[in-house]
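K.L.:
Kindly return the folded structure for what I paste below:
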Amino acid sequence: MPHAKAEVPWVPEPSVDRPARHGKSAVRTLGFTVKRAATGALPLALATAAQNVLGLLFTLVFARWLGAGGYASLAVLVSAFLVLSVPGTALQVATARRLGQAASLASRRDSDNQRASTPAHAAAGAWPWLRALALITAVSLVLGLAAREPLARLLAVDTAWGAGLLPATAASWALLGVARGAWQALGHYRLVAASIVGDASLRIVAAAALVACGLDVAGAFAGSGVSFVLVALVLLALLYRSAPPRAVLAGHPPLSRLVRESAVPTAVLALLLALQELHVIFAKHLNSERVAGGYAAVAVAAKALMWVAVGLSMYVVPESVRRIGQARDPRTPAFHAGVLLTACAVAVVALFILAGNELVRAAFGPELTGAVSALFPLGVAMALLAATYVLAQYHVALGRCLPIPVLCAALVIEIAAALRFGHDPNLLAWSLVAVFFATTVMFTASGLACPSVVSDPEGEACPRTRRLTGSTYERTTDSATHDPADR
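P.N.:
Model prediction:
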């Protein structure tokens, strides 16, 4: 019989019963927190930050190599890919959530099914999805190349072959995302981090080789698809050794079910992308070319923290779900991510205060310093949006739809603020600070103060779920081993 979705709380032993051990427990808790953050969240944050730097290097190299006309077409193709990549990124979130949850419930399934059930069996559940996505990638390549001329006209680019590669590139990104999601579910965050850096590095190498062979814009864009496929193959080869397809247990849903489960992550990612970019579009329309260009430049600099948030969310989603299934506090990964994000935000904002003008002048040139005074408030705004990003992913991990109405409301307010204050970059940036501060506070209050029941992959309420009641935790009938960071 499936468990009813009743929230049965737990109260740990009062710390006052062990006064002599309180100091040692606090030290152990701090040490464990630092260790988990250093081995889980930190590598992913550093990897996505490095990915941002390598992406900038890609832009600088090929803008010079292809010239103004060629790079304009490449920029359109990359922008179209970024839009099409949102569903693939959402599939990665859904994969990490579902398989991480299944891994945490492996012991329970063992007692139910009377057969071996381990995290490897849970991760092996990704193989049917991976096979389906590999087939979709191959079909997308054939169909995209066949329809390359209409796609090129639709995108208004000069390279038909590059336009024809767009569908397959988006599909290969989804394939890579599901492969990464499986490894996230197993807790191999350093491998995922290495794949992020490897993908960004290989993209430059592959694109350079293809352009050198005379493929020009199409070759530069094809480098992305080549890197996605190669890195995915490496991850799949390693997954085959750790969780081969024969380890799949019955009951894993088809890819169509995973796509439906990724609907909320897709909506959340799309809204976050809109919050990140719309104010730049409004500033361009409401200001002179010099001010608009300067605002775009400081926005690029300020958005560096968003890449850190992307990496941290890759840690928060599977860890939160895993802890729910093991009767451990799901807020701990969000705390780890918050500490690291705060440290990065303080460092970046301090840099903007002390050397913002010099930074923008060195990176973008003296002609794009027209809005450098907005760098500090915009840096604060992007730090708050980065916190919103991580907390929204935390809510998604817990199976909540709360981020959607909150982010929709924030987007409406941002548009209104941009229309009202868009003519002044400083006022626009400070209005964004107010909007993103409100979303951060709302997500923090509703998420970290009150973790809720999370359903297992089959829709059952996990019997080891905790809920905050008053100022204490209560526990279900199942026993569990608690790590020091949960206290």
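K.L.:
Quick one: mean pLDDT over the helix or strand containing V396.
P.N.:
V396 belongs to helix 375-397 when assigned by DSSP states H and E. Average pLDDT, helix 375-397: 95.
K.L.:
Equivalent analysis for stretch 310-322, please.
P.N.:
92.
K.L.:
Below-threshold pLDDT in the protein: ranges please.
P.N.:
Flagging of the chain using pLDDT under 70 yields the residue ranges 1-38, 106-118, 247-251, 448-487.
K.L.:
Return the angle between stretch directions for the longest helix anywhere in it and helix 375-397.
P.N.:
For the chain, the longest helix by residue count, based on DSSP state H, is helix 42-104. Per axes from the mean of the first three to the mean of the last three Cα atoms, to 10 degrees, the angle that helix 42-104 makes with helix 375-397 is 10 degrees.
K.L.:
Going along the chain, name the strands of this structure.
P.N.:
468-469, 472-473 (DSSP state E).
K.L.:
List the contacts of A292.
P.N.:
Contact analysis of A292 by Cβ atoms under 8 Å, 6 or more residues apart in numbering lists A283, K284, H285. Bear in mind the C-beta positions are built from the backbone N, C-alpha and C, glycine included.
K.L.:
Surely the first one touches A297?
P.N.:
No - shown here, A283 and A297 do not form a contact pair, counting by Cβ atoms under 8 Å, at 11.1 Å.
K.L.:
Look at the two and report which has more neighbours.
P.N.:
More crowded of A283 and A297, by other Cβ atoms under 10 Å: A283, with 26 against 22.
K.L.:
contacting residues for the nearest residue to that one once chain neighbours are set aside?
P.N.:
The shortest distance from A283 to any non-neighbouring residue, by Cβ to Cβ, 6 or more residues apart in numbering, is to Y295 (4.4 Å). If you count contacts by Cβ under 8 Å, 6+ apart, Y295 has them with V280, A283, K284, N287, G370, A371, A374, P425, L428.
K.L.:
same thing but at 7 Å, please
P.N.:
V280, A283, N287, A371, A374, P425 (Cβ atoms under 7 Å, 6 or more residues apart in numbering).
K.L.:
nearest to H395, of the residues you listed?
P.N.:
The nearest member of the contacts of Y295 to H395, counting by Cβ to Cβ, is V280 at 26.1 Å.
K.L.:
Work out which residue lies at the spatial centre of the chain.
P.N.:
V310 (3.8 Å; Cα atoms, centre = their mean).
K.L.:
Surely it touches T48?
P.N.:
Yes - with contacts counted by Cβ atoms under 7 Å, V310 reaches T48, the gap being 4.9 Å.
K.L.:
ok so, going back, where's the residue nearest to the centre of the chain relative to L273, distance?
P.N.:
As judged by Cβ to Cβ, to the nearest Å, V310 and L273 stand 11 Å apart.
K.L.:
same check, this time on L210
P.N.:
28 Å.
K.L.:
what's the answer for G219, then?
P.N.:
For G219, the distance to L273 (Cβ to Cβ) stands at 27 Å.
K.L.:
ok, the two, which is more surrounded?
P.N.:
G219 (25 against 15).
K.L.:
What residues does that one make contact with?
P.N.:
A207, L210, V211, C213.
K.L.:
between those residues, which is closest to L56?
P.N.:
Checking those against L56 with Cβ to Cβ, the nearest one is A207 at 14.3 Å.
K.L.:
Help me confirm that the closest one comes into contact with A220.
P.N.:
Yes - look at A207 against A220 with Cβ under 7 Å: they come within range, at 4.6 Å.
K.L.:
Mutual contacts of those two, please.
P.N.:
The contact sets of A207 and A220 overlap at F62 (Cβ under 7 Å, 6+ apart).
K.L.:
follow-up on the earlier one: tell me which of the contacts of Y295 fall in helices.
P.N.:
Counted as lying in helices by DSSP H, out of the contacts of Y295, are V280, A283, P425.
K.L.:
gap between the first one and V372?
P.N.:
Distance of V280 to V372, computed by Cβ to Cβ: 15 Å.
K.L.:
Looking at those two, which is more packed in?
P.N.:
Using other Cβ under 10 Å as the criterion, V280 and V372 rank with V372 on top: 22 against 18.
K.L.:
residues contacting L427?
P.N.:
By Cβ under 7 Å, 6+ apart, the contact list for L427 reads F421.
K.L.:
how far away is it from A410?
P.N.:
Distance from L427 to A410, by Cβ to Cβ: 18 Å.
K.L.:
what number of residues lie near the residue lying closest to G69 once chain neighbours are set aside?
P.N.:
Distance criterion Cβ to Cβ, 6+ apart; nearest residue to G69, sequence neighbours excluded, is D158 at 7.3 Å. With neighbours defined by other Cβ under 10 Å, the count for D158 comes to 16.
K.L.:
is it true that D158 touches A72?
P.N.:
No - using Cβ under 7 Å, D158 makes no contact with A72, being 8.7 Å away.
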